[in-house]
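Q: can't give you the sequence, but here's the structure:
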């Protein structure tokens, strides 16, 4: 007689990592990874260059709003800034050294050197750029209070975790970049619908191209379009910002199509205005939704296959790279932490008291974004004039011209973005009515003193470095000339004086 022995021990199964690959790896996004890494690094270069050229005059030791005085009032534990560390103090030399280091790091990514290393190498490079630029933003006060400062910080922190060609692009990081794009676009759409009736009645774009902070060479052309064109622009903006972001989380190729539409909408803003690097970094983030298969289809390799779920399939002929377990763990930890930080921004998106361009933590991660919640319908400009006479006649006054801000009515608006002219932007906010600013008083005093740093921020100094005896500030309403006015006068702008903000004044 035979006796059968039953094995009652529970079966031990090993984790098959291959079954998780479609969830953790995105081998169909290798092109997107390179575009994002190199593009974001290039924008960091521009951001550091802008600070190198402008920060000392605006916020340096002898700036309009000196950073050393601000640091004395700032709690050192408030932000992870180099200037808040122990005995570290601000100096213009240290600031410029930070900018040079940041530019060198960004060049190493743009040139592709960082991508030649192991998967982890981009992480410390981008985190260092993030920390150095965070150090600048943390003491930048109102001159660094723009939404694209937080956006470049958030993006710079995240994209280093995309890795190098040694590993497949991590799907979790790409998904979080799409969530960032969702907050940028959907947040902007919601703030418009909640804040200004001109967005709801589709008249907002009747004014936008003329009253935007810093027009460019095509802004006048865009403004001269017929009313039906502007209604279409406004309606198209609502569709793109309120609908397309949701499609980023659909299967391919829907996600790629939605991301492409967002990119084209941003390019339209690029060619009709100057918004520093806001549009360009939004375009780069949108590449997180565009697969290699879709890009190959655009150049004639056929329509890409459907993913069948949230994640894209691996493109045909794309080499599968086996990522190590430790890489999955690092990515998962970072992703979970960022998801936890997303709770307050998520609530803000659907709040009736939605905040625009707000940070909910000291690291400027997972922020709230938005722009043009209220549409300005009249363009005002502050024109600063000086004279070398102590008893000037009418024709003795000459204007100080800015590099980007409208002034000379015969001058066509220039293209300056993605470079950021901070003083010009602050002058636009000033003209909206917030005239009692300490930095503006300091600015006028610097002009009266003939300060060379301030003169370098201006396009023209009518007195070639000589300090004026008196200055005054007049307020004008500006609008684009009509076609007939342009032909008759050659002027780009028409203006009418509204009043005097600062009467003729000297240093005393």
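A: Alright, I've got the coordinates. As the structure is a computational prediction, the values presented were derived from the model and not from experiment. Numbering: from 1, shown residues only.
Q: all contacts plus neighbour counts: C-alpha atoms, from now on.
A: Will do.
Q: So residue 131 sits against residue 98, correct?
A: No: here residue 131 lies out of contact with residue 98, judged by Cα atoms under 8 Å, at a distance of 10.1 Å.
Q: in this structure, what secondary structure element scores lowest on mean pLDDT?
A: None of the helices or strands of the chain scores lower by mean pLDDT, DSSP states H and E than helix 21-24, at a mean of 61.
Q: moving C-terminal of it, what's the next helix or strand?
A: Using DSSP states H and E, the next helix or strand after helix 21-24 towards the C-terminus is helix 30-59.
Q: Could you tell me which residues within the very next helix or strand once past that next one count as buried?
A: Next in sequence after helix 30-59, counting helices and strands by DSSP H and E, comes helix 67-73. The neighbour-count check on helix 67-73 (16 or more other Cα atoms under 10 Å) flags 67, 68, 71 as buried.
Q: now those in CSV, with pLDDT and distance to residue 505?
A: Below are those laid out as CSV (pLDDT from 0 to 100; distance: Cα to Cα, whole Å):
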residue, pLDDT, distance to residue 505
67, 91, 27
68, 88, 29
71, 85, 32
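Q: Chain neighbours aside, what residue packs nearest to residue 24?
A: Among residues not flanking residue 24 along the chain, residue 171 sits closest, at 5.3 Å (Cα to Cα, 6 or more residues apart in numbering).
Q: Surely that neighbour and residue 28 touch.
A: No: the pair residue 171 / residue 28 is not scored as a contact, 9.9 Å apart, by Cα under 8 Å.
Q: For the stretch 251-400 of the chain, give me the ranges with low pLDDT.
A: 300-321 (pLDDT under 70).
Q: run the last query once more with 50
A: 306-319 (pLDDT under 50).
Q: where do the helices sit along it?
A: 254-270, 278-286, 292-296, 325-341, 343-349 (DSSP state H, counting those that start in this stretch).
Q: want to throw these into TSV with mean neighbour count?
A: TSV is the format used below for these (neighbours: other Cα atoms under 10 Å):
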stretch	mean neighbour count
helix 254-270	19
helix 278-286	23
helix 292-296	20
helix 325-341	13
helix 343-349	16
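Q: right, so of these, which gets closest to residue 180?
A: helix 278-286 (7.7 Å; Cα to Cα).
Q: Can you list the strands that the longest strand seen in the chain pairs with?
A: Longest among the strand segments of the chain by residue count, using DSSP state E, is strand 493-505. Take DSSP bridges as the rule and strand 493-505 pairs in its sheet with strand 470-480 (antiparallel).
Q: mind listing the strands for the protein?
A: 379-387, 398-399, 401-402, 458-460, 470-480, 493-505.
Q: And the contacts of the fifth one?
A: Counting by Cα atoms under 8 Å, 6 or more residues apart in numbering, strand 470-480 makes contact with 210, 220, 378-390, 431, 444, 448, 492-507, all of which sit outside it.
Q: Kindly report the same for the third one.
A: With contacts defined as Cα under 8 Å, 6+ apart, strand 401-402 is touched by 407, 408, 424, 457, 458, 459, 460, 461.
Q: Pretty sure the fifth one sits against residue 400.
A: Yes: applying Cα under 8 Å as the test, residue 458 and residue 400 come out as touching, 7.3 Å apart.
Q: who's more crowded, those two?
A: residue 400 (19 against 16; other Cα atoms under 10 Å).
Q: are any of the contacts of strand 401-402 buried, and which?
A: 407, 408, 424, 457, 458, 461.
Q: The third one: what's its closest spatial neighbour, skipping adjacent residues?
A: What it means is residue 424. residue 405 (5.4 Å).
Q: wait, what's in contact with the one you found?
A: 213, 214, 413, 424, 425, 427, 428.
Q: Closest one of these to residue 148?
A: Using Cα to Cα, residue 425 comes nearest to residue 148 of those, at 13.0 Å.
Q: From residue 416, how far out is the closest one?
A: 12 Å (Cα to Cα, to the nearest Å).
Q: if we can go back for a sec, now do the residue nearest to residue 424, the pLDDT please.
A: If you check residue 405, the pLDDT there is 95.
Q: Ok, the one 10 residues further on next?
A: Per-residue confidence at residue 415 stands at 95 (pLDDT).
Q: One more: residue 27?
A: 86.
Q: go on, residue 10?
A: 53.
Q: ditto for the one 5 residues further on
A: Per-residue confidence (pLDDT) for residue 15: 52.
Q: try the one 5 residues further on
A: Looking at residue 20, its pLDDT is 53.
Q: ok, now residue 86?
A: Confidence score, pLDDT, at residue 86: 57.
Q: repeat for residue 432
A: For residue 432, the pLDDT comes out at 88.
Q: Hmm, residue 380 and it touching each other?
A: Yes: with contact defined as Cα under 8 Å, residue 432 counts as touching residue 380 (7.0 Å).
Q: Pick out whichever of the two has more residues nearby.
A: A direct count of neighbours by other Cα under 10 Å for residue 432 and residue 380 places residue 380 higher, at 24 against 14.
Q: can you count the residues close to the closest residue to the more buried one other than its chain neighbours?
A: Sequence neighbours aside, residue 477 is the residue nearest to residue 380 in space, at 4.6 Å (criterion: Cα to Cα, 6+ apart). By other Cα under 10 Å, the residues close to residue 477 number 16.
Q: again, but for residue 431
A: 16.
Q: hey, what's in contact with both of residue 171 and residue 28?
A: Joint contacts of residue 171 and residue 28 (Cα under 8 Å, 6+ apart) do not exist.
Q: Quick one: residues contacting residue 366.
A: Applying Cα under 8 Å, 6+ apart, the residues near residue 366 are 154, 180, 338, 341, 342, 345, 359, 360.
Q: Distance check, residue 138 against residue 488.
A: Distance from residue 138 to residue 488, by Cα to Cα: 50 Å.
Q: Compare neighbour counts for those two and give me the winner.
A: Taking neighbours as other Cα under 10 Å, residue 138 and residue 488 compare with residue 138 leading, 23 against 9.
Q: returning to what we had before: show me which of the contacts of residue 405 are buried.
A: Burial by neighbour count, 16+ other Cα under 10 Å: within those this picks out 213, 214, 413, 424, 425, 427, 428.
Q: number of nearby residues for residue 395?
A: Based on other Cα under 10 Å, the number of other residues close to residue 395 is 7.
Q: Next, the contact list for it, please.
A: Contacts of residue 395 (Cα under 8 Å, 6+ apart): none.
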